[in-house]
Structure formats: C-alpha cells, structure tokens
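> no sequence on this one, just coordinates:
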Ligand code: 1CP
C-alpha cells in the first residue's frame, strides 16, 4: 500500500505520510559530492543517471513515503528556447523576455526534456513498493516571473506591471506555458509519475484580481487537462503565500490536495479545510533550528484533522542539520 496515494484519495484514519520539498539537494553531503561531477546544473538535471541518483539519496537515509523527480522548474523556459544558467550561490539567471516579439523569436526545443522522462522511469524502477513517485512542474505565473524578470525577486513588481500593461503579451505567454506544461506533465505520467505537484511559488505576490486570472485560472486549466487525460493521477496544487485565497483555489481547481505554506494556523486549517487533503506546513526555519520548538510545531501539525501529508511550508534550507530531519521523521512516524 502506498500511504501517499491512499491519503490523496481522502482516506481517513491512516498514518501520516511524509516527504519534503527539496528533499534532494544541498543539505546532503552526498548530493554535494555528486553535483561536483557535473558543474552545470542544467546538464546535471538532463543526466538521467545522476538525476535519478540525486532523487534516491534522501530515500536511502530516511524513511520517506515518496520520491520527487529531481529536476528544476526552469527547464520549461529552457525548452521554450530561453537562455537559462544557474550561478553558484546566486541562483538562476535567464535572458529576460518582456514583449510578445521576444517570446515569438524564441526557438522552442521540447526534445531537450526527453532525458527527464528517462529519469522518471529510472527512479520508478528503484522505489520500494510503499513509495510513490511525484512528478512536478512550475505553474505558469511562477515561470513567467523568472522568464520576464530574469532572476528571483522579492515581489516581481515589474512582472505584475507588464501583466497589467500588456495583457496581450501576458495572455500569450500564459497560453504558451499552459500548453507546454500539460504536455510535459502528461509525459512524466506516461514515464511513471504517480502524483503531480504544481509549484506556484510566487502566487503570493499577486493582487486578488491577478491571482484569479494568472494563478487560479492557469492551474485550473492544467488540472482539468490532466484529469481528463489521466483521471487516476492525483494532483497537489501549491499556490504559495496566497492566504485565505487558498479556499477559492481549492474549490475551483479540483486539485486533490493543497500545499500549505507556514502562515496557516492549525485552528484555521481545521476550521476551513476540514474536507480537503492538505500538505505542509512546518516552517523550514523551525526545522533548521530544531529542538523543543520544532517538536512543539510537529505535535501541533499532527492535530490537523483531515487527511494530511506531512511536509514543510517551503523547501528545506541548505544549512539544515540532518539530525533535525531525522528527528522530524521519527516524530511523524510515531517512533518517538
Ligand atoms: O547548485 C545546486 O545544486 C542547485 C540547487 C537547486 C536544486 C537542488 C536548484 C536551483 N533547484 C534544485 C532542485 C529542485 N528545484 C527540485 C527537485 C529536488 C527536490 O525537491 O528534492 C524542485 C522540486 C525544484 C523546484 C523549484 N526550483 C522551485 C519551486 C519550489 C520553490 O522552492 O518555491 C523554484 C522556485 C525553483 C527555482 C530555483 N532553482 C534553483 C534555485 C536556487 C531556485 C530558487 C531561485 C529563487 O530564489 O528565486
């Protein structure tokens, strides 16, 4: 039995499954070793053997209920023809596109994504019977943030400005992204992904109006497409930072579960999302600091009444001590 899949089907009374965002990555010394062998991060993501190994590393150390594909959300702008690089200790850098001509002049090459489907299949063949494989993509709004701004930002003010000033360009970009994401996720499923997570990491910077148009609607379209084509595959939506708009998102998108960042109290979750499968919401800083305060947070999260998938509110940070991760998993599994 796969606990994650059972929980996603809204089954009550089961033990809580656990996996965590960025469970593969820089807090693991074995990841840092493996990464050194391919300095270019995108080349690493497009290497089906190494990416598979990176995805499996956390499962060798910890008793987790799922593996997540090792890749990055920015492979989609790359496949659309945009220049994407990752700079050490800075993060991603893209050659910004700011108008419809920029987008139309890109040379799309979806076939560069093919090794990723091979990674999916490699991981799947190495999982234990109780472990599920999660595929993922960035959502259109979050990808548009990086494509237009060219790098991370606190508030993506310039991207929101373009969304309002040039809706023609923005709608064209959204539709382009929806189409490629639908294909990409469908191929991940065909290669063996059993669950899909949509990361809308920057949905929280949007006004109500733009949230409905550029986070909720595109996620809804992608989910509708996948539900039609692969009705048995559960989908987790993660519109990070949207506060109570998570209710509108849940009701309208038909996602099987929603990811919760760390801003939600357990009381609020129990009052407002009692018929929804939820995932999250341990503060990644609480995990980094550890100790009694973390234990209290975990005990609190275990009070969520509806079926719940234990996870962080956002990805694990590179300086997180491994012993804190071990403690978290043992507590969730009820060993201590
Ligand atoms: O040098 C390195 O090793 C690169 C570090 C790294 C890693 C390990 C990056 C760069 N991406 C990843 C892998 C990754 N990214 C995974 C698979 C690993 C796993 O979860 O186990 C996943 C699911 C992602 C998703 C991702 N990438 C998101 C969505 C989740 C989130 O954190 O909000 C985002 C926004 C990105 C962009 C990105 N890629 C890498 C970095 C440092 C960033 C964030 C840039 C920023 O601060 O805006």
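Great, that's in hand. In this text, all values refer to a predicted model and were calculated from it rather than measured experimentally. Residues are numbered from 1 along each chain as shown.

> and the residue in the chain that the ligand sits nearest to, how many neighbours?
Across the chain, no residue is closer to the ligand than residue 152, which sits at 2.7 Å (C-beta to the nearest ligand atom). Yep, even glycine has a C-beta here, placed from its N, CA and C like the rest. Look at residue 152: counted by other C-beta atoms under 10 Å, it has 14 neighbours.

> just checking, it touches residue 159?
No: judged on C-beta atoms under 8 Å, residue 152 makes no contact with residue 159 at a distance of 11.6 Å.

> this structure against the ligand: which residues are in contact?
Within the chain, the residues that sit near the ligand (C-beta under 6 Å from any ligand atom) are 21-26, 35, 41, 68, 70, 72-74, 86, 91-92, 136, 152, 199, 201, 315.

> where's the closest residue to residue 276 other than its chain neighbours, which helix or strand?
Nearest non-adjacent residue to residue 276, counting by C-beta to C-beta, 6 or more residues apart in numbering: residue 250, 5.4 Å away. If you go by DSSP states H and E, residue 250 is part of helix 245-253.

> from the contact counts, what lies against the helix or strand just after that helix?
Next helix or strand after helix 245-253 toward the C-terminus (DSSP H and E): strand 257-260. With contacts taken as 3 or more C-beta pairs under 8 Å, 6 or more residues apart in numbering; DSSP states H and E, strand 257-260 sits against strand 235-239, helix 245-253, strand 277-282.

> partner strands of strand 257-260, parallel or antiparallel?
strand 235-239 (parallel), strand 277-282 (parallel) (DSSP bridges).

> redo these as JSON lines? Include mean pLDDT and distance to residue 104.
Shown next, in JSON lines, are the strands paired with strand 257-260 (pLDDT from 0 to 100; distance: least, C-beta to C-beta, whole Å):
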{"stretch": "strand 235-239", "mean pLDDT": "98", "distance to residue 104": "29"}
{"stretch": "strand 277-282", "mean pLDDT": "98", "distance to residue 104": "38"}
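
> reformat these as a markdown table; add distance to residue 267 and mean neighbour count.
Shown next, in a markdown table, are these (distance: least, C-beta to C-beta, whole Å; neighbours: other C-beta atoms under 10 Å):
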| stretch | distance to residue 267 | mean neighbour count |
| --- | --- | --- |
| strand 235-239 | 21 | 27 |
| strand 277-282 | 13 | 25 |
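
> format the ones you listed as a markdown table; extra columns: distance to residue 121.
Below are those laid out as a markdown table (distance: least, C-beta to C-beta, whole Å):
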| stretch | distance to residue 121 |
| --- | --- |
| strand 235-239 | 20 |
| strand 277-282 | 25 |
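
> okay, now residue 98: neighbour count?
Using other C-beta under 10 Å, residue 98 has 16 neighbouring residues.

> ok, it to residue 82 distance?
Using C-beta to C-beta, to the nearest Å, one obtains 12 Å as the distance from residue 98 to residue 82.

> how about residue 225?
Note on residue 225: its distance to residue 82, by C-beta to C-beta, is 23 Å.

> ok, the two, which is more surrounded?
Shown here are residue 225 and residue 82; by other C-beta under 10 Å, residue 82 has more neighbours (22 against 17).

> mind checking pLDDT for the residue lying closest to the more buried one once chain neighbours are set aside?
Sequence neighbours aside, residue 94 is the residue nearest to residue 82 in space, at 5.5 Å (criterion: C-beta to C-beta, 6+ apart). With respect to pLDDT, residue 94 scores 98.

> got it, and residue 336?
Residue 336 carries a pLDDT value of 67.

> same deal with residue 59?
Confidence at residue 59, expressed as pLDDT, is 98.

> ok, it - contacts?
Going by C-beta atoms under 8 Å, 6 or more residues apart in numbering, residue 59 touches 67, 127-128, 131.

> what's the answer for residue 49, then?
By C-beta under 8 Å, 6+ apart, the contact list for residue 49 reads residue 122.

> can you tell me the helix or strand for it?
Under the assignment here (DSSP H and E), residue 49 is part of helix 48-61.

> now do that helix: distance to the chain's middle.
17 Å (C-alpha atoms, centre = their mean, to the nearest Å).

> got the phi and psi for the closest residue to residue 282 other than its chain neighbours?
Of all residues not flanking residue 282 in the chain, residue 312 sits nearest, at 5.0 Å (C-beta to C-beta, 6+ apart). Backbone torsions of residue 312, given as degrees, to the nearest 10, read phi -90, psi 170.
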